[in-house]
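K.L.:
Can you look at this prediction? I've put the sequence above it.
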Amino acid sequence: MYTLPQTAEFIIKSICPEPDKVELQSQEKDDEILLEVVAPPELTGQIVGRNGRMIKAVRSILNLTFPNQKYILEVRS
């Protein structure tokens, strides 16, 4: 069974044409997980998508897969 960070990393790297340049860092605070996606600026736009549609879709998938897990998903370049 996969964890939330592993699932998020798989989905986000699947979106990008150059997955080797994308890194996902996770930190656990209390009962919440902080997921930071670090990518070059040219890939950040593809991860976020037009009007944030792509990252909203990723969040929707994570919410459906892990309904009881609290997390914060941030994208940085």
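P.N.:
Looks like it arrived, so ask away. Numbers count the residues shown, from 1 in each chain.
K.L.:
how many other residues sit next to the spatially closest residue to Val48 that is not a sequence neighbour?
P.N.:
Closest residue to Val48 apart from its sequence neighbours, by C-beta to C-beta, 6 or more residues apart in numbering: Ile55 at 5.0 Å. (Glycine included, C-beta is placed from N, CA and C.) Per other C-beta atoms under 10 Å, the neighbour tally for Ile55 reads 18.
K.L.:
What's the separation between Ile55 and Asp31?
P.N.:
With the distance defined as C-beta to C-beta, to the nearest Å, Ile55 ends up 23 Å from Asp31.
K.L.:
quick revisit: who's in contact with the residue nearest to Val48?
P.N.:
Residues in contact with Ile55 (C-beta atoms under 8 Å, 6 or more residues apart in numbering) are Ile47, Val48, Gly49, Leu73, Val75.
K.L.:
among those, who's most crowded?
P.N.:
Highest neighbour count within those, by other C-beta under 10 Å: Val75, with 20 neighbours.
K.L.:
Spatially, and excluding backbone neighbours, which residue is closest to Asp31.
P.N.:
Residue nearest to Asp31 in three dimensions, not counting chain neighbours: Lys70, with 6.1 Å by C-beta to C-beta, 6+ apart.
K.L.:
Also Lys56?
P.N.:
Leaving aside its chain neighbours, Lys56 sits nearest to Gly49 (7.8 Å; criterion: C-beta to C-beta, 6+ apart).
K.L.:
The protein: helices as residue ranges?
P.N.:
4-15, 41-48, 53-65 (DSSP state H).
K.L.:
Need the ones you listed in a markdown table (columns: mean pLDDT).
P.N.:
Shown next, in a markdown table, are the helices of the chain (pLDDT from 0 to 100):
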| stretch | mean pLDDT |
| --- | --- |
| helix 4-15 | 97 |
| helix 41-48 | 94 |
| helix 53-65 | 97 |
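K.L.:
can those helices go into a markdown table with extra columns for distance to Gln27?
P.N.:
Putting these into a markdown table (distance: least, C-beta to C-beta, whole Å) gives the following:
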| stretch | distance to Gln27 |
| --- | --- |
| helix 4-15 | 10 |
| helix 41-48 | 19 |
| helix 53-65 | 16 |
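K.L.:
I'm done for today, thanks for sticking with me.
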